[in-house]
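> Fold the following for me, if possible:
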Amino acid sequence: MGGLDEATVYIRQIALAAVSAIQPADFLYGTVTNLSPLAVTVTYDAGNTDTISADFLVLSRLVRGFSYSETDTISGSTGNTSGGSGTGAFDSHSHTINITRTRTVTIPFGLAVNDKVILLKKAGGQQYLILDKL
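Down below sits the predicted model:
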């Protein structure tokens, strides 16, 4: 039975090494160190640091800001009213109301130097998605 335990440990070591070799996706925390070009410095548990350049960074909508347009429409009519006498202008009548308003809303969530960010590392470590600011 001792051989079975050793085999199990060996298989587990091989499996862990294989998972480690493919570098599955992982969350990282970093600090924006430059804006143009964008760079984020990541500090690992062991105290090592790595600076990730703009070529490897993808920005979510939450950190790059966004704009969208919205349109509001109000439609209706006034009630029938009348007044006065002897003139057609005072006969019972109503008015149709149509108001349309379009506006652009901008959500400015841009990054600044020293912002703390959370990143998602793509499997293989070739790209990092900046999810949000902390």
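> any idea how this protein splits into domains?
According to automatic domain parsing, the chain is divided into the following domains: 22-65+110-134, 67-107.
> where among those is the average confidence lowest?
Per-segment mean pLDDT for those reaches its minimum on domain 67-107, at a mean of 78.
> What is the neighbour count of Arg12?
Using other CB atoms under 10 Å as the criterion, Arg12 is surrounded by 10 other residues. All C-beta spots, glycine's among them, are computed from the backbone N, C-alpha and C.
> can you map out the strands along the chain?
With DSSP state E applied, the chain shows strands at 26-35, 38-43, 49-53, 57-59, 66-77, 96-107, 116-121, 128-133, listed in chain order.
> quick one, what contacts the nearest residue to Ala112 once chain neighbours are set aside?
Counting by CB to CB, 6 or more residues apart in numbering, Val32 is the residue found nearest to Ala112 once chain neighbours are left out, at 6.7 Å. Contact partners of Val32, counting by CB atoms under 8 Å, 6 or more residues apart in numbering, are 38-40, 111-115, 117.
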